[in-house]
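Peer 1: This is the structure alone, sequence omitted:
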């Protein structure tokens, strides 16, 4: 059956035998001084200056200048999408390091190196390169066996990677990514680093049913949310609608497990008219692992409320939990 036919492997390989040794092969070890860079200036938008363009500290190298006949040969780099000074410095260093890699090789291949791929066929081109540190490496597989192996693969290990043009990445792990513009269809983040800060994705819970508060001696749980903490302080925020049969005063508190985190008071409107309540606090504990936070409510002690002691009703309860490393 044509549709079920299997290929034993790729139908074409590009190897050293395909290189035309009788054609010129160019090796350019060093460019001229006009094409050489040994220092760099850069500008970037500074958030603390209302995003105005700011010059980053320049990067110079006495070693590079000495090898370039004592001349300072500068590049000017504009980074309008990088608002973090530390990141700008890393990119400047990466740019200079790339400019100092002088060796360029050019070779010619046979016309058979161009192959048509149809149906279930495949072709393979593999290039391996080792440069810099012992762990640096590059492997490109344009197409592998589509039946028993991956269709394509890119394996790259380096301190800095520069990708130009439109790029599509699927199932990719990148430890550090700098992008001028990116369109992400589905992004799943555990902890997001923003400059020198880290933030976890906000978790939220909402409930619209009624809960009655009638006792000044008992905390009633009105909202619950679990969060896997990552060793950072936790921001807690809540809101709810408060009403009652008459005038009353509500006490609110966040709890981590059974540990109370702050407290707040809010009175109903006159004669129990409904009011909106918002409450926020920070849990400074830097523990980690799955943690349950609760928002609890109680009536304030009558002796402290000037006679406002009516039972109360809570609705539209909202709880949000998020972590920040400041």
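Peer 2: That came through, no problem. Not measured: the values here are computed from a predicted model. Numbers count the residues shown, from 1 in each chain.
Peer 1: What's the local residue count around the residue lying closest to residue 308 once chain neighbours are set aside?
Peer 2: Take residue 308 and drop its neighbours on the chain: the residue closest to it by Cβ to Cβ, 6 or more residues apart in numbering is residue 247, 4.3 Å away. In this view, the C-beta of every residue, glycine as well, is placed from N, C-alpha and C. Neighbours of residue 247 under the rule other Cβ atoms under 10 Å: 19.
Peer 1: so where do the helices sit in this structure?
Peer 2: Counting by DSSP state H, the chain has helices at residues 62-67, 85-99.
Peer 1: Point out the most buried one among those.
Peer 2: helix 85-99 (a mean of 16; mean count of other Cβ atoms under 10 Å).
Peer 1: In terms of secondary structure, what does it contact?
Peer 2: Helix 85-99 makes packing contacts with strand 39-46, strand 74-78 when contacts are defined by 3 or more Cβ pairs under 8 Å, 6 or more residues apart in numbering; DSSP states H and E.
Peer 1: again, only using 6 Å
Peer 2: Helix 85-99 sits against strand 39-46, with contacts defined as 3 or more Cβ pairs under 6 Å, 6 or more residues apart in numbering; DSSP states H and E.
Peer 1: Residues in contact with the strand it packs on: which ones?
Peer 2: With Cβ atoms under 6 Å, 6 or more residues apart in numbering as the test, strand 39-46 has contacts from 51, 53-56, 58-60, 72, 74-79, 82-83, 88, 92, 95-96.
Peer 1: any idea of the pLDDT on the nearest residue to residue 315 once chain neighbours are set aside?
Peer 2: What sits nearest to residue 315 in space, not counting adjacent residues and going by Cβ to Cβ, 6+ apart, is residue 241, at 4.6 Å. We have a pLDDT of 94 for residue 241.
Peer 1: OK, contacts around residue 251?
Peer 2: Under the criterion of Cβ under 6 Å, 6+ apart, the neighbours of residue 251 are 265, 298, 300.
Peer 1: now do 10 Å
Peer 2: Neighbouring residues of residue 251 by Cβ atoms under 10 Å, 6 or more residues apart in numbering: 213, 216, 219, 263-266, 296-301, 304.
Peer 1: I'd like the distance between the residue nearest to residue 315 and residue 313.
Peer 2: For residue 241, the distance to residue 313 equals 9 Å [Cβ to Cβ, to the nearest Å].
Peer 1: any weak-confidence spans in this structure?
Peer 2: The model of the chain has pLDDT under 70 over residues 1-19, 24-30, 103-198, 201, 326.
Peer 1: Show me it divided up by domain.
Peer 2: According to automatic domain parsing, the chain comprises the domains 30-99, 116-187, 203-325.
Peer 1: who wins for proximity to residue 22 among these?
Peer 2: domain 116-187 (22.0 Å; Cβ to Cβ).
Peer 1: Identify the residues contacting the residue nearest to residue 308.
Peer 2: With Cβ under 10 Å, 6+ apart, residue 247 has these contacts: 267-273, 305-310, 312.
Peer 1: same thing but at 7 Å, please
Peer 2: Residue 247 sits next to 268, 270, 271, 272, 308, 310 when contact means Cβ atoms under 7 Å, 6 or more residues apart in numbering.
Peer 1: Share the number of residues neighbouring the closest residue to residue 225 other than its chain neighbours, please.
Peer 2: The shortest distance from residue 225 to any non-neighbouring residue, by Cβ to Cβ, 6+ apart, is to residue 205 (4.6 Å). Applying other Cβ under 10 Å, we find 16 residues neighbouring residue 205.
Peer 1: What residues are bridge-paired with residue 205?
Peer 2: residue 319 (DSSP bridges).
Peer 1: check contacts around residue 52.
Peer 2: Counted by Cβ under 7 Å, 6+ apart, residue 52 has contacts residue 46.
Peer 1: distance of it from residue 90?
Peer 2: 22 Å.
Peer 1: Check residue 277 too.
Peer 2: Residue 277 is 46 Å from residue 90, by Cβ to Cβ.
Peer 1: One more: residue 38?
Peer 2: Taking Cβ to Cβ, one finds residue 38 at 18 Å from residue 90.
Peer 1: and if you look at residue 248?
Peer 2: Residue 248 is 57 Å from residue 90, by Cβ to Cβ.
Peer 1: before we move on, back to that, now the helices of the chain in CSV, please, with extra columns for distance to residue 34.
Peer 2: Shown next, in CSV, are these (distance: least, Cβ to Cβ, whole Å):
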stretch, distance to residue 34
helix 62-67, 16
helix 85-99, 13
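Peer 1: Can you tell me which of those is nearest to residue 257?
Peer 2: helix 85-99 (37.0 Å).
Peer 1: how far off strand 39-46 does the closest one point, in degrees?
Peer 2: 150 degrees (axes from the mean of the first three to the mean of the last three Cα atoms, to 10 degrees).
Peer 1: Export the contacts of residue 247 as JSON lines, with columns for distance to residue 236.
Peer 2: Converted to JSON lines, these look like this (distance: Cβ to Cβ, whole Å):
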{"residue": "268", "distance to residue 236": "23"}
{"residue": "270", "distance to residue 236": "30"}
{"residue": "271", "distance to residue 236": "31"}
{"residue": "272", "distance to residue 236": "27"}
{"residue": "308", "distance to residue 236": "26"}
{"residue": "310", "distance to residue 236": "27"}
